[in-house]
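[1] Sharing a model prediction with you, sequence too.
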Amino acid sequence: MSAAKGLEGVVAVTSEISSIIDGVLTYRGYNIDDLAEKSTFEETAFLLWNGRLPKQTELDQLKKDLDAHAAISEIVIEQLKAYPKDVHPMSMLRTAVSSLALFDPEAEVKTEASNHNKAIQLTAKIPTIITAFARIREGKEPVAPKSGLGFAANFLYMLNGEEPTEVAAKALDKALILHADHELNASTFAARVTTGTLSDVYSAVTSAIGALKGPLHGGANEQVMATLEEIGSVDRIVPVIEEKLANKEKIMGFGHRVYKDGDPRAKHLREMSRQLGEQKADTKWYDMSVKIDELVVDKKGLKPNVDFYSASVYTYLDIPRDLFTPIFATSRVTGWTAHILEQYANNRLIRPRAEYTGLANQKYVSINER
Ligand SMILES: CC(=O)SCCNC(=O)CCNC(=O)[C@H](O)C(C)(C)COP(=O)(O)OP(=O)(O)OC[C@H]1O[C@@H](n2cnc3c(N)ncnc32)[C@H](O)[C@@H]1OP(=O)(O)O
Ligand SMILES: O=C([O-])CC(=O)C(=O)O
């Protein structure tokens with residue numbers, strides 16, 4: 001029995017939700033390039049959960065349901081106010097989502113219908129939680145969600161207290177589509193492992209948030225921005241990146257376990273970064289990103305992943321750096337819950353083996369003789 005380190009190349013589940021074949025990413029068989037250009041986040045969520053695109057009435061109903069469930073209770077707001085202001089928003093989100101279960105009388109109900117409702121409710125509430133905490137930690141009151149604005153616009157509205165421009169709302173909407181699902185990534189796997197024990201949806205999503213937080217996964221987008229800020233200007237890129245590479249440091253936002261010839265989502269985010277930078281008449285972060293991209297491709301043959309250009313996109317949208325990964329969770333919860341529903345529908349406990357490499361035949365020695 002020999003281990004596949006990091007489970008590389010191991011096919012652990014069958015899934016009908018998203019696929020990466022020959023570097024092409026699809027959700028339910030629809031190319032991500034098409035969805036990014038033509039769909040909306042709400043429509044993409046419906047697609048992931050239901051396996052098909054919605055009719056107009058179904059899409060309208062989903063939007064109504066998301067609006068109806070977006071508010072968070074006074075108890076949750078009081079909890080957010082009680083959390084230390086300086087905790088990482090991903091830690092806050094992990095705890096807050098977990099605590100939602102305590103106030104859901106259906107938390108332990110595991111019917112398909114109840115779990116589908118929880119998918120909608122969690123997707124609706126996560127933006128409200130993130131933006132409420134972002135405001136509370138700055139000494140401001142949370143802004144209640146506004147019905148009819150649309151999911152992405154509502155996020156920015158609740159964050160800033162004013163309705164966003166159409167350009168900003170559209171850019172965030174597209175970023176959310178691009179992040180919604182990604183086959184058996186680490187956080188989705190965590191969600192499926194938890195579901196595989198027949199635990200509840202809240203536990204599975206809490207596991208996933210914990211996994212997404214790490215800098216080798218969703219947490220990389222925040223680290224990309226930290227790198228851009230650390231470098232500070234185009235002329236410092238070559239010496240700083242070369243030093244990092246010489247020290248065998250990872251350049252955040254590059255490389256991928258599955259894509260060896262580039263992440264198909266990155267080109268969309270790169271173009272969005274360019275456009276948003278030009279609209280702001282401040283292309284510094286975009287220019288720096290392009291230069292780092294060219295250098296890392298040249299020196300290491302590594303291409304940017306989804307996290308690389310999303311950092312400058314979110315910065316151009318005036319989103320604080322430590323909210324980048326929570327925004328990833330805002331989108332990915334649709335993919336997580338689609339996988340949770342699929343796992344329940346065809347469950348078997350997920351329990352691989354470990355190749356034992358420890359000591360053998362140890363003789364027990366009593367404590368006073370050690
Ligand atoms: C949404 C997402 O989760 S996308 C990924 C987000 N994560 C990041 O951007 C963090 C930076 N990237 C990485 O750490 C990796 O590329 C991962 C985690 C994404 C993939 O990891 P793995 O498939 O395990 O690749 P692994 O870490 O074994 O890398 C293979 C080789 O490329 C190097 N490498 C991989 N990524 C990078 C990087 N970003 N910078 C520098 N070197 C890198 C490794 O050091 C290793 O070199 P070696 O063979 O000389 O030891
Ligand atoms: O699939 C992965 O390993 C990571 C990733 O790109 C994602 O989760 O979007």
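    Structure received. Ligands and ions are numbered 1, 2, ... in the order given.

[2] How about the stretch 151-300 of the chain: which residue is closest to ligand 1?
    Closest approach between the stretch 151-300 of the chain and ligand 1, counting by CB to the nearest ligand atom: residue 255, at 2.3 Å. All C-beta spots, glycine's among them, are computed from the backbone N, C-alpha and C.

[3] Could you pull up the residues touching that residue?
    302-303, 305 (CB atoms under 8 Å, 6 or more residues apart in numbering).

[4] and of those, the nearest to ligand 2?
    Within the contacts of residue 255, the smallest distance to ligand 2 is 5.7 Å, found for residue 305 (CB to the nearest ligand atom).

[5] How about the residues of this protein by ligand 2?
    Within the chain, the positions lying close to ligand 2 (CB under 6 Å from any ligand atom) are 182, 185, 257-258, 305-306.

[6] outside of the strand or helix carrying residue 42, which residues touch it?
    Assigning secondary structure by DSSP states H and E places residue 42 in helix 41-50. Residues outside helix 41-50 that contact it (CB under 8 Å, 6+ apart): 17-18, 27-28, 30, 35, 39, 53-54, 58-59, 62-63, 66, 116, 119, 123, 150-152, 173, 176-177, 180-181, 331, 334-335, 337-338, 341.

[7] May I see the buried residues of it?
    41-49 (16 or more other CB atoms under 10 Å).

[8] again with stretch 101-117
    Neighbour-count burial for stretch 101-117 flags 101, 104, 106-107, 115-117 (criterion: 16+ other CB under 10 Å).

[9] In helices, which of the residues you listed fall?
    115-117 (DSSP state H).

[10] mind listing the strands in the stretch 251-370 of the chain by residue range?
    For the stretch 251-370 of the chain, strands defined by DSSP state E, counting those that start in this stretch do not occur.

[11] How about the residues of it by ligand 1?
    Neighbours of ligand 1 within the stretch 251-370 of the chain, by CB under 6 Å from any ligand atom: 251-257, 300, 302, 305-307.

[12] Now for these: which two are most distant?
    300 and 306 (18.1 Å; CB to CB).

[13] Surely residue 99 touches residue 79?
    Yes: with contact defined as CB atoms under 8 Å, residue 99 reaches residue 79; the gap is 6.2 Å.

[14] Which one's more surrounded, the two?
    Legend: neighbour count by other CB atoms under 10 Å for residue 99 and residue 79, higher for residue 79 (20 against 16).

[15] Please list all residues in contact with that one.
    So residue 79 contacts 96, 99 (CB under 8 Å, 6+ apart).

[16] Which segments of this protein make up each domain?
    According to automatic domain parsing, the chain comprises the domains 16-215+322-345, 220-316.

[17] Now stretch 14-33: average pLDDT?
    In this model, stretch 14-33 has a mean pLDDT of 98.

[18] Touching it from outside, list them.
    35, 39, 44, 47-48, 51-53, 177-178, 180-184, 258-259, 261-262, 264-265, 268, 335, 338-339, 342, 346.

[19] Next: stretch 212-227.
    Applying CB under 8 Å, 6+ apart, the contact partners of stretch 212-227 are 88, 90-91, 94, 185-187, 211, 250-253, 292, 305, 307-308, 310-312, 314-315, 321-322, 324-325, 328-329, 332.

[20] make it 6 Å
    Stretch 212-227 has contacts (CB atoms under 6 Å, 6 or more residues apart in numbering) with 90, 186-187, 252-253, 307-308, 310-311, 321, 324-325, 328-329.

[21] Tabulate the residues you listed (JSON lines), appending distance to residue 272 and pLDDT.
    Shown next, in JSON lines, are the contacts of stretch 212-227 (distance: CB to CB, whole Å; pLDDT from 0 to 100):
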{"residue": "90", "distance to residue 272": "23", "pLDDT": "98"}
{"residue": "186", "distance to residue 272": "25", "pLDDT": "98"}
{"residue": "187", "distance to residue 272": "23", "pLDDT": "98"}
{"residue": "252", "distance to residue 272": "19", "pLDDT": "98"}
{"residue": "253", "distance to residue 272": "15", "pLDDT": "98"}
{"residue": "307", "distance to residue 272": "14", "pLDDT": "98"}
{"residue": "308", "distance to residue 272": "12", "pLDDT": "98"}
{"residue": "310", "distance to residue 272": "9", "pLDDT": "98"}
{"residue": "311", "distance to residue 272": "12", "pLDDT": "98"}
{"residue": "321", "distance to residue 272": "17", "pLDDT": "98"}
{"residue": "324", "distance to residue 272": "14", "pLDDT": "98"}
{"residue": "325", "distance to residue 272": "18", "pLDDT": "98"}
{"residue": "328", "distance to residue 272": "15", "pLDDT": "98"}
{"residue": "329", "distance to residue 272": "20", "pLDDT": "99"}
